[in-house]
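*Asks:* Need a 3D model of the sequence below.
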Amino acid sequence: MIDNDPDRSAETQVLALAVGAPMPVRYVHAAEPGVANARNAGVAASRGAFIAFLDDDEIAPPGWLQALIETQQRFAADAVFGPVRARLPEGPLEHRDYLSGFFARTGPDQAQLIADGPGCGDSLVRKAALPHPTHPFSSTRNVIGGEDDLLFAGMRAAGARFAWAPEAWVWEVPEPSRLTLDYTLRRAFTFGQGPCSQAAARGGLHWALVPPWMLVGLAQALIHGVAALAGLATGSPRRAFALDRAAQGLGKILWFPPFKIGFYGQVALAASRPEAPKGAPHGRHRPLDPGAGEELRPRQPEAPARAS
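*Replies:* Below is the predicted model of the structure:
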């Protein structure tokens, strides 16, 4: 287990859990905070040919890992991904349908090859396919998130094979503080910034992509903003979906400092710096807006990719 707290706050608990655990448990301290740093420490400490990833708010049922392994063997995949089901608290919860979709990841009903990697949470990756054996995740994404999207985009460009395992599902149990529009809309805004931020970071001719994306964002913000206002006026339960899409549109327009915010809402001016992995194209739960697959949100897998 990786402890990403400089003060090693999890060490005592992890060592206690290791006693009598059904499988070997090792404690690894990654002193420098950051999600990419923590993931890199786990990769560096791994000893097997495959690495299975779960997010800290995900719970895997029995058979989860076996389903990932069987799909990997069937398709000789470099990475395999499974569905995420949101487990929300019982009782009254405003915007339940919206939140269920926001914290979930869906895909095809059948195991198959897919075009993109929809995020580390609930995945199995062949270690030899990673672009670096110990530091495959870009440290520039420590605050802003999307380090897994960047990794899988680079692997895809290098010819990696991705597969979908519908039986390898897990629960996601969001923290109560995240079950609010304040949190989800800041995330949606950040996702929307992805296309322009990445085009600008790549520089050169890629700058030509920024104005079209900003126009797309303007259209999104206007159309879905009007829909959101109408929903607010009528009390429609669908208004949260419109607000999410409008926030994504605003992110495409306001993608530059000082509007850059991190994956969890922190100011993240580091997002404007070029990414570390060489040759990785710049630009994670599935877009709520059909056709918004460019967003840095876990995506619903696309149609089966043709093997080349």
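
*Asks:* Show me what counts as buried in whichever helix or strand residue 38 is part of.
*Replies:* Element membership for residue 38 (DSSP states H and E) is helix 35-45. By 16 or more other CB atoms under 10 Å, the buried positions in helix 35-45 come out as 35, 36, 37, 38, 39, 40, 41, 42, 43. Where you see a C-beta, it was placed from the backbone N, CA and C, and this is true even at glycine.

*Asks:* Spatially, which two of those residues are the most separated?
*Replies:* Of all pairs drawn from those, the one with the longest distance (CB to CB) is 35 and 43, at 12.7 Å.

*Asks:* all helices for the chain, in order.
*Replies:* Under the criterion DSSP state H, helices of the chain are mapped to 11-18, 35-45, 64-75, 96-102, 147-157, 181-202, 210-234, 239-253.

*Asks:* Reformat those helices as a markdown table; add mean pLDDT and distance to residue 58.
*Replies:* Listed next are these as a markdown table, based on pLDDT from 0 to 100; distance: least, CB to CB, whole Å:
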| stretch | mean pLDDT | distance to residue 58 |
| --- | --- | --- |
| helix 11-18 | 93 | 17 |
| helix 35-45 | 94 | 14 |
| helix 64-75 | 98 | 10 |
| helix 96-102 | 96 | 15 |
| helix 147-157 | 91 | 13 |
| helix 181-202 | 89 | 17 |
| helix 210-234 | 97 | 29 |
| helix 239-253 | 97 | 22 |
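
*Asks:* Could you report the pLDDT at residue 306?
*Replies:* Listed pLDDT for residue 306 reads 31.

*Asks:* Next: residue 174.
*Replies:* For residue 174, the predicted pLDDT is 96.

*Asks:* Tell me the spacing between the closest residue to it other than its chain neighbours and residue 59.
*Replies:* Using CB to CB, 6 or more residues apart in numbering and skipping residues adjacent in sequence, the residue nearest residue 174 is residue 103, 5.1 Å away. Separation of residue 103 from residue 59 (CB to CB, to the nearest Å): 13 Å.
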